[in-house]
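S.K.: coords please:
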Amino acid sequence: MASWNERYEPVIGLEVHAQLLTESKAFCSCSTHFGAEPNSNVCPVCLGMPGVLPVLNHQVVEFLIRMGLATHCSIAPRSIFARKNYFYPDLPKGYQISQYEEPICSNGFVAIELEDGTRRKIGITRIHMEEDAGKSIHDQDADTLVDVNRCGVPLAEIVSEPDIRSPREAYLYLIKIRQLVTYLEICDGNMEEGSLRCDANVSVRRKGETALGTKTEVKNLNSFRFVEKAIEFEINRQIDLIESGEKVVQETLLWDSGQGVAVSMRSKEEAHDYRYFPDPDLVPVLVDDDWIHRAATALPEDPTARRDRFIKDYKIPKYDADILTSEKSLADYFEAVLESLRVKTDENFKLASNWTMGDVLRVVNTEKVDITHFPVKPENLGDMINLIADNTISGKIAKDVFEEMLKSHEPPKAIVERKGLVQVSDVSAIEQIIDDVLMKNQGQVETYLGGKQQVFGFLVGETMKATKGKANPKIVNDLLKKKLDSMKS
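M.R.: Model prediction:
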């Protein structure tokens, strides 16, 4: 495969379909619940029976306005629906209700941040409303089967400008779109279940040229990793064709993740192939300034702004802040933990960050549990950090307390009292234990006094073992060093 970094420039645009989190479909009252029995969430409207009339779901418009505002789009005061005509087994009506000439949102952008810290704006051409088609199933040892449950499920189609210049930028852009739709709580962002889907339009041109090359569309990109890999493959495939004197053909390709290749599916359609025309059964969508204002005041804090605030206000590293703000629910959990801290210091903020990113996310990822249903409430995690900060328990004991909170859901103080886990900070008591440890390990003491400093860790460990981990580690370290140093003189 040819290397494109030096001689060629990719031109990439993404079309993202986000399934909206409404209870009912776009134009009827059928449920949008995922995983229902095939062909059970249907009615005459979403099946396109003669004589039925669609009625627009108000929540669909609300969600599109939110997304438009979050991506700096202009919100059209008047937009209309169109019929997108094509014939396919999973499209009972023979057309999709979509928007074409007059979309609800247009001319926006999102900013992505590259690994070197630079930020790039990726233009948003349009965001419009569309209903989903059904699903054709080809792998059930039978002829093609069709499940029309998904027909009429509301989508936001987010179309970028061809501003993306590498597979990595495409990956970061898609991550950003997912972050926005989940922060806005308009889509769950689950690519594996198909509630977030992506098609990539890819072309290449020699560096310095301004004319666009022939583009292809790559479909079936059902994970963030596959988006990056498929675009990389298609860029190299097109360059190989150009370098060998062949032409790139405008077509639709299907990404085969098993083989790691994109295979030709059909010649790529143009807009006129769909014979768009205004839907005669639906009135125009009218959005006034009051509606836009209400939607704007209800928007959550932008995830990038929240990340930057975490760095500024809590003095945590950018790495921590990136992880903690990757999901709105995780950021909410972390800030709820901070609310429960009695002493709000940078040290305690970092301690809360470490526990949230480490132990909390370990359980969330392993058990695949939504953090909104995490068994350890944020106020309990905050109280446990308070116990560490005031030396009631050590960090080591806190690990045991956390595991017990996962099982019993008790507050940490109750667990510490019930299990007798209060940290020993009595200097005289710890001194007696250290004296006993030194007496039993005279060989290691002589080795330490002979200059082998690493033995110190062994003696600390023996002291902690003798106290069953309850001794204050700082006091142990200070007293042990003082006693050993006194033996040198």
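
S.K.: check residue 403 and give its pLDDT.
M.R.: With respect to pLDDT, residue 403 scores 95.

S.K.: what of the one 10 residues further on?
M.R.: With respect to pLDDT, residue 413 has a value of 92.

S.K.: please verify my assumption that it contacts residue 387.
M.R.: Yes: using CB atoms under 8 Å, residue 413 makes contact with residue 387 at a distance of 6.9 Å. Using the backbone N, CA and C atoms, a C-beta is placed for each residue, glycine as well.

S.K.: the two: who's more crowded?
M.R.: Taking neighbours as other CB atoms under 10 Å, residue 413 and residue 387 compare with residue 387 leading, 21 against 17.

S.K.: that one and residue 252: what is the separation?
M.R.: 59 Å (CB to CB, to the nearest Å).

S.K.: what is the lengthiest helix in the chain packed up against?
M.R.: With secondary structure taken from DSSP state H, the chain has its longest helix at helix 224-243. Applying 3 or more CB pairs under 8 Å, 6 or more residues apart in numbering; DSSP states H and E, one finds that helix 224-243 contacts strand 8-19, helix 167-183, strand 196-206, strand 216-221, strand 251-256, strand 261-267.

S.K.: out of the ones you listed, nearest to residue 431?
M.R.: In terms of CB to CB, the element of those nearest to residue 431 is helix 167-183, at 53.8 Å.

S.K.: got the angle for the closest one vs strand 216-221?
M.R.: 50 degrees (axes from the mean of the first three to the mean of the last three CA atoms, to 10 degrees).

S.K.: now do the buried residues in helix 167-183.
M.R.: By 16 or more other CB atoms under 10 Å, the buried positions in helix 167-183 come out as 167, 169-174, 176-183.

S.K.: equivalent analysis for stretch 214-224, please.
M.R.: Of all the residues in stretch 214-224, those buried under the rule 16+ other CB under 10 Å are 214, 215, 216, 217, 218, 219, 220, 221, 222, 224.

S.K.: quote the end-to-end distance of that stretch.
M.R.: 25 Å (CA to CA, to the nearest Å).

S.K.: now do stretch 238-254
M.R.: With CA to CA, one end of stretch 238-254 sits 15 Å from the other.

S.K.: domain ranges for the protein, per the record?
M.R.: Here the domain assignment for the chain is 8-294, 301-419, 427-488, based on automatic domain parsing.

S.K.: could you list the low-pLDDT ranges of this structure?
M.R.: Low-confidence segments of the chain (pLDDT under 70): 1-5, 139-142, 266-272, 423-426, 489.

S.K.: about what we covered before: can I get the buried residues of stretch 214-224 in CSV with distance to residue 7?
M.R.: Converted to CSV, the buried residues of stretch 214-224 look like this (distance: CB to CB, whole Å):
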residue, distance to residue 7
214, 18
215, 19
216, 20
217, 24
218, 22
219, 28
220, 29
221, 26
222, 32
224, 28
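
S.K.: thought residue 372 was touching residue 327, still the case?
M.R.: No: if you go by CB under 8 Å, residue 327 and residue 372 don't touch, sitting 10.1 Å apart.

S.K.: for these two, indicate the residue with more neighbours.
M.R.: Set residue 327 next to residue 372 and count neighbours by other CB under 10 Å: residue 327 wins out with 19 against 9.

S.K.: leaving out chain neighbours, which residue sits closest to that one?
M.R.: residue 182 (6.4 Å; CB to CB, 6 or more residues apart in numbering).

S.K.: do the same with residue 456
M.R.: Of all residues not flanking residue 456 in the chain, residue 448 sits nearest, at 6.1 Å (CB to CB, 6+ apart).

S.K.: who are the contact partners of that neighbour?
M.R.: 455, 456, 459, 484 (CB atoms under 8 Å, 6 or more residues apart in numbering).

S.K.: looking at those, which one is closest to residue 75?
M.R.: Nearest to residue 75 among those, with distances taken as CB to CB, is residue 456, at 66.3 Å.

S.K.: and for that closest one, the neighbour number?
M.R.: Neighbour number of residue 456 under other CB under 10 Å is 15.

S.K.: ditto for the one 3 residues further on
M.R.: Neighbours of residue 459 under the rule other CB under 10 Å: 22.

S.K.: I'd say it and residue 444 touch.
M.R.: Yes: between residue 459 and residue 444 there is a contact under CB under 8 Å: 6.3 Å.

S.K.: for the stretch 251-400 of the chain, which segments count as strands?
M.R.: In the stretch 251-400 of the chain, the segments counted as strands under DSSP state E, counting those that start in this stretch are 251-256, 261-267, 277-278, 285-286.

S.K.: mean neighbour count, those: which tops it?
M.R.: Burial of those is given as mean neighbour count (mean count of other CB atoms under 10 Å); strand 251-256 ranks first at a mean of 18.

S.K.: name the helices or strands packed onto it?
M.R.: strand 216-221, helix 224-243, strand 261-267.

S.K.: want to throw the ones you listed into TSV with distance to residue 199?
M.R.: Listed next are the helices and strands packed on strand 251-256 as TSV, based on distance: least, CB to CB, whole Å:
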stretch	distance to residue 199
strand 216-221	5
helix 224-243	10
strand 261-267	11
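
S.K.: to residue 403, which of the ones you listed lies closest?
M.R.: Closest among the helices and strands packed on strand 251-256, using CB to CB: helix 224-243, at 32.1 Å.

S.K.: what's the angle from that closest one to strand 196-206?
M.R.: 30 degrees.

S.K.: what strand or helix carries residue 431?
M.R.: In the assignment (DSSP states H and E), residue 431 maps to helix 427-440.

S.K.: which SSE is immediately downstream of that helix?
M.R.: helix 442-449.

S.K.: report the angle between that following helix and helix 427-440.
M.R.: Counting by the same axes, to 10 degrees, helix 442-449 points 100 degrees away from the direction of helix 427-440.

S.K.: CA-only coordinates of helix 442-449, as CSV, when you get a sec.
M.R.: Provided in CSV are the C-alpha atoms of helix 442-449 (Å, rounded to 0.1, in the frame of the first residue of the first chain):
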residue,chain,number,x,y,z
GLN,A,442,18.1,-8.3,64.0
GLY,A,443,19.8,-9.7,60.9
GLN,A,444,17.8,-7.3,58.6
VAL,A,445,18.6,-4.5,61.0
GLU,A,446,22.3,-5.2,60.7
THR,A,447,22.0,-5.3,56.9
TYR,A,448,20.3,-1.9,57.0
LEU,A,449,22.9,-0.4,59.3
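
S.K.: just the buried residues of that helix, please?
M.R.: Buried residues in helix 442-449 (16+ other CB under 10 Å): 444, 445, 448.

S.K.: any chance you could list what contacts stretch 345-357?
M.R.: Residues from elsewhere that reach stretch 345-357 (CB under 8 Å, 6+ apart): 314-316, 320, 323-324, 330, 333-334, 337-338, 341, 381-382, 384-385, 388-389, 402.

S.K.: again, only this time at 6 Å
M.R.: Outside stretch 345-357, the residues that touch it by CB atoms under 6 Å, 6 or more residues apart in numbering are 314, 315, 316, 320, 323, 334, 337, 338, 341, 385, 389.

S.K.: looking at the residues you listed, which are in helices?
M.R.: Taking DSSP H as the definition of helices, the contacts of stretch 345-357 contribute 314, 320, 323, 334, 337, 338, 385, 389.

S.K.: of all the helices and strands packed on strand 251-256, which one is nearest residue 15?
M.R.: That would be strand 216-221 among the helices and strands packed on strand 251-256, by CB to CB, at 8.2 Å.

S.K.: quick one: strands adjacent to the closest one?
M.R.: strand 196-206 (antiparallel), strand 251-256 (parallel) (DSSP bridges).
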